[in-house]
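[1] what's the 3D shape of this:
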Amino acid sequence: MVAAWCGYGPGILVSVATLIFIPHLGIPKFPLVPIDLNRICLVLLISVLISKVSDTRTRTEEALRKSNEELDKKIRLRTEDLERANAALIELKAKGVKFLNDTPIAGHANSRIAFLDPTTTANILIEIAEMPAGHAHGSAGVTPA
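    Numbering: from 1, shown residues only. Have a look, this model is predicted:
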């Protein structure tokens, strides 16, 4: 457990202490000769593996936490965009402007577009388009050179 919580060095020290020093405290005159080197190597290997698994888990949890924060940020930004778009549509409808379609349709570069009914806009067909990802606002659909 020490290897999982504290890392490689403390895990190895506790493993060695468990195999050598603690038996010496419990058994006075504990001889170091009958210590099985294979057992010590196995315990040390297990200690290192536990430390490695713990370290990998910690890094994975941190990466997941970071990804979750980035996703939350993207969702908040997208929600704000949708709230602004909905407010603009409600404002247009309140002014008596009608749309040709009830819902937006697919446009260029996966953007959404909608057309205003020309009977409510002095017989002018007006297209409202969502800006494709990567385009600056106000570029009026012009792709930068």
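
[2] Any stretches of the chain with poor pLDDT?
    Applying pLDDT under 70 to the chain picks out residues 1-8, 19-35, 132-145.

[3] Quick one: the strands in it, in order.
    Secondary structure of the chain, counting by DSSP state E: strands at 105-106, 112-116, 126-129.

[4] Need the residues that contact the shortest one.
    Contacting residues not belonging to strand 105-106 are listed as 112-114 [CB atoms under 8 Å, 6 or more residues apart in numbering]. All C-beta atoms are positioned from the backbone trio N, CA, C, and that covers glycine.

[5] and the residues you listed as JSON lines, adding neighbour count and distance to Ala17?
    Below are the contacts of strand 105-106 laid out as JSON lines (neighbours: other CB atoms under 10 Å; distance: CB to CB, whole Å):
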{"residue": "Arg112", "neighbour count": "13", "distance to Ala17": "66"}
{"residue": "Ile113", "neighbour count": "14", "distance to Ala17": "71"}
{"residue": "Ala114", "neighbour count": "19", "distance to Ala17": "73"}
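
[6] Any chance of a markdown table for those, columns distance to Glu127?
    Below are the contacts of strand 105-106 laid out as a markdown table (distance: CB to CB, whole Å):
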| residue | distance to Glu127 |
| --- | --- |
| Arg112 | 11 |
| Ile113 | 6 |
| Ala114 | 7 |
